[in-house]
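Participant: next comes the sequence, and after it the predicted model I'd like to discuss.
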Protein chains: 2
Amino acid sequence: MTASNTEGTPPLVDIINGALDFTIPPAGKMGVRAIEARRGYAAASVPVEGNGNHFGVIYAGVQFTVAEVLGGMIAIATFDNSAYYPLVKGFEISFLGMAKSQLRAEATLSEEEIARVEAEAAERGKSDFTLEAVVTDADGKTVAVTKGLYQLRAHGK
Amino acid sequence: MTASNTEGTPPLVDIINGALDFTIPPAGKMGVRAIEARRGYAAASVPVEGNGNHFGVIYAGVQFTVAEVLGGMIAIATFDNSAYYPLVKGFEISFLGMAKSQLRAEATLSEEEIARVEAEAAERGKSDFTLEAVVTDADGKTVAVTKGLYQLRAHGK
């Protein structure tokens, strides 16, 4: 790719957001958006509007979603998408506070873990990895913590 | 309440569904509906339409939601709503199969557990309870199992 082509490519976060509405329609309808996506790191947000429950708190399933999508976003930003795709196998979430404002979720995958997943996927066609995410409100207060079990899998497997 | 008034009262499942769209708007938008709700038992469903991801599989957050709402439905159908309300503290979900058709989730709370929660809530103003749910597809195949940690809490606490 030439320099001019690179300059003409939208940032990865824009590509992810452009795809979100048709790849995960329920997340798109909630207003979930990628904020940042790069090798080993992803952050996403979701607004209060349309997502409240009868306590005026953002519904548990929306908190789940803004954290769960990070697994796919990190995988897209980190691994070889021409060879592998991510899927979620399990998820744990603990609700720690009242989520009454816009939420931000973020997660990190270490270089050591990236190397392990890449090596295992190359050898076995798939590799499981765990992603811990933190969901914070507009004041930076933690409202939920999550642990997602994902798998990177070779296309066609 | 007289017999004629009782006959004029809609079934509990209709009351729950009538309230769902404004008590949990994101679940209403997914098309989550209560199928059955009675003391110690609740079942809910969600359609494929609008809920698929890029694999043609119902998104993980929708599977979470159709199971998570059972905690509120069982609480409404089982406990004294004039005194207590339910909230969710944590949730675990394992994805076991491809969810490619309408989903049904169901959960049961035993009489022993109902008695324990009622007694503890009466004494302490709150009581935690765990609800295990199974999510099945249109063929009755299990696509996910969940374990929700809920709390029954006295109003005003």
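Facilitator: Received the coordinates, thanks. Numbering: from 1, shown residues only, chains lettered A, B, ... in the order given.
Participant: separation between the residue nearest in space to the middle of chain A and chain B?
Facilitator: Nearest to the mean C-alpha position of chain A, counting by CA atoms, centre = their mean, stands A:Leu70 at 1.0 Å. Taken as CB to the nearest CB, to the nearest Å, the spacing of A:Leu70 relative to chain B amounts to 12 Å. For glycine as for every other residue, the C-beta is placed from the backbone atoms N, C-alpha and C.
Participant: remind me which helix or strand that residue belongs to.
Facilitator: With the criterion set as DSSP states H and E, the secondary-structure element containing A:Leu70 is helix A:60-78.
Participant: one more: A:Leu20?
Facilitator: Taking DSSP H and E as the definition, one finds A:Leu20 inside helix A:12-23.
Participant: give me the three-state assignment for the closest residue to A:Lys141 other than its chain neighbours.
Facilitator: Among residues not flanking A:Lys141 along the chain, A:Gly97 sits closest, at 5.7 Å (CB to CB, 6 or more residues apart in numbering or on different chains). When the structure is split into helix, strand and coil by DSSP: H, G, I helix; E, B strand; the rest coil, A:Gly97 lands in coil.
Participant: contacts only, for A:Gly97.
Facilitator: For A:Gly97, the contacting residues are A:Asp137, A:Lys141, A:Thr142, A:Val143, A:Ala144, taking CB atoms under 8 Å, 6 or more residues apart in numbering or on different chains as the criterion.
Participant: same deal with A:Glu106?
Facilitator: A:Glu106 neighbours (CB under 8 Å, 6+ apart): A:Glu36, A:Tyr41, A:Ala42, A:Ala43, A:Ala44, A:Leu70, A:Ala133, A:Val134.
Participant: ok, now how distant is it from A:Ala138?
Facilitator: 14 Å (CB to CB, to the nearest Å).
Participant: and chain A, which of its residues are near chain B?
Facilitator: A:22-27, A:29-30, A:50-55, A:59-62, A:64-65, A:68, A:87-95 (CB under 8 Å from any CB of the partner chain).
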